[in-house]
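> sharing a sequence plus its predicted fold:
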Amino acid sequence: MTANRLQRLREKLEQHKLDAVFIVSGENNSPVNRRYLSGFTGTSAYLLITRAEAVIATDFRYYEQAQQQAKDLRLHKAVGGIDKWLPDLLQGLGGKRLAFESAHVTYQTYRTMRKAVQGLPEAQRPKLVPTLNLVEGLRTIKDPEEIAALQAAIDLGDAAFAEVAQRIEPGWTEREVAWEIEKYIREHGGDGLSFDTLVGAGERGAMPHCSPTDRVLKKGEGVVIDMGVELHGYMSDLTRTIFLGKPDDQFKRVYDIVLAAQQTAQEIVEAGMTGEQAHLLAHNVIEEAGYGEHFGHGLGHGVGLQVHEAPRVAKTSNDVLGDNMVFTIEPGIYLTGWGGVRIEDVVVLENGKARVMSHAPKLTTAGI
């Protein structure tokens, strides 16, 4: 799996007329890109990928782990600060175009890298070339092992929601809902949460990212629950809106509009669409029902080693959707002073169409 990813990266290097890429440690997205390319899960390591070789540079704490997890890469023992060992790592790259991830390298790290390069004899200096989304572009297309890992995380999230949702009752607090979900996940093998669980009861459901509080759940109100699982490095994302008691007419109307918008998008979205075109599939349903101004966020986002990654599925997104991309479809309606409804599933494009990976129970017209 790692060898295939390295080969795809090298093809991209050739396409962009680059000779190598240097991936730094511990800054923003870099640990995820490093894991994707090497399999290494430790917290400190650097990668140098050239046309002919792949190297992982790490310190004494991680020598054994790197040898076990990054078997396709040569181990370079990093002793001291980056300025001490980087010049030796760059031997043989004189005059070559060395890419670095501009979005994930701090200015201080860039200065250190540049100083290390300038410290080499002129003929041995590579040229530092900033790049954007070099690895992230590869990560949008999931391989079969990744799709299986994502399905396992999604299945655990589905089970956690289903078990807790059937027990929620008036008198619980939003924090209790969040804790019961996290407890189930951890007791059933999850490594943790892909993000802090969001719970918005009643009028607080009008806030799309509503952190749980000690607010008590009451009979006769909706509750928006947005949750995710981390399992073996891969993430899930799920939103469901439940109702405590018998739903009133307004809740039924809003819920059915959101559900229709989601189902429409899931049925019609296809490979070749842009993120904007996919977003409008659901947005138009909500707008035609008179609630367009109350759906203000994007329809979805990619899911993988991160819970939010490419592709973007939103009104301003030019990302082109393709087979083996995994992303969410999560329309919502939010009414200040009343509450909100959001329904979110993860889908994967296969043979040009969406296959829904989430199977947690939803309310249906028949059910309410």
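In hand now; what should we look at?

> where does the stretch 251-368 of the chain have low pLDDT?
Applying pLDDT under 70 to the stretch 251-368 of the chain flags residues 364-368.

> tell me where it has strands.
If DSSP state E, counting those that start in this stretch is used as the criterion, the strands of the stretch 251-368 of the chain fall at 300-302, 309-313, 326-329, 332-335, 339-342, 345-350, 353-356.

> tabulate these (CSV), appending distance to residue 220.
Using the backbone N, CA and C atoms, a C-beta is placed for each residue, glycine as well. Output for the strands of the stretch 251-368 of the chain, formatted as CSV (distance: least, CB to CB, whole Å):
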stretch, distance to residue 220
strand 300-302, 31
strand 309-313, 34
strand 326-329, 29
strand 332-335, 16
strand 339-342, 11
strand 345-350, 27
strand 353-356, 31
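
> of all those, which one is nearest residue 63?
Across the strands of the stretch 251-368 of the chain, residue 63 has its closest neighbour in strand 309-313 (30.0 Å, CB to CB).

> between strand 345-350 and that closest one, find me the angle.
Angle between the axes of strand 309-313 and strand 345-350 is 90 degrees (criterion: axes from the mean of the first three to the mean of the last three CA atoms, to 10 degrees).

> closest to residue 74 out of the strands of the stretch 251-368 of the chain?
Nearest of the strands of the stretch 251-368 of the chain to residue 74, taken as CB to CB: strand 309-313 at 28.3 Å.

> can you list the domain ranges for this protein.
Listed domain ranges for the chain are 2-139, 144-356 (source: automatic domain parsing).

> excluding its backbone neighbours, what's nearest residue 20?
Among residues not flanking residue 20 along the chain, residue 50 sits closest, at 4.1 Å (CB to CB, 6 or more residues apart in numbering).

> check residue 85 too.
Setting aside the residues directly before and after it, residue 85 is nearest to residue 78 in space (CB to CB, 6+ apart), at 4.7 Å.

> so what's that neighbour up against?
Neighbouring residues of residue 78 by CB atoms under 8 Å, 6 or more residues apart in numbering: 46, 57-59, 85.

> quick one, phi/psi of it?
Per-residue torsions, residue 78: phi -90, psi 120 (degrees, to the nearest 10).

> quick revisit: was I right to think the residue nearest to residue 20 contacts residue 93?
Yes: between residue 50 and residue 93 there is a contact at 7.3 Å, judged by CB atoms under 8 Å.

> distance of the residue nearest to residue 141 when sequence neighbours are not counted relative to residue 156?
The spatially closest residue to residue 141, leaving aside those adjacent along the chain, is residue 324, at 5.0 Å (CB to CB, 6+ apart). From residue 324 across to residue 156, the span is 22 Å (CB to CB, to the nearest Å).

> for residue 203, same thing?
31 Å.

> so where do the strands sit in the stretch 101-250 of the chain?
Applying DSSP E, counting those that start in this stretch to the stretch 101-250 of the chain gives strands spanning 127-131, 192-193, 198-201, 222-227, 229-231, 234-235, 238-243.

> mind listing what the fifth one pairs with, with the direction of each?
Strand pairing for strand 229-231, using DSSP bridges, gives strand 192-193 (antiparallel), strand 234-235 (antiparallel).

> can you tell me which of the ones you listed is most buried?
Highest mean neighbour count of those: strand 234-235, a mean of 26 (counted as mean count of other CB atoms under 10 Å).

> tell me the gap between that one and the middle of its chain.
Distance, stretch centre to chain centre, for strand 234-235: 7 Å (CA atoms, centre = their mean, to the nearest Å).

> you'd agree residue 238 is up against residue 197?
No: the pair formed by residue 238 and residue 197 falls short of the contact definition of CB under 8 Å, at 10.1 Å.
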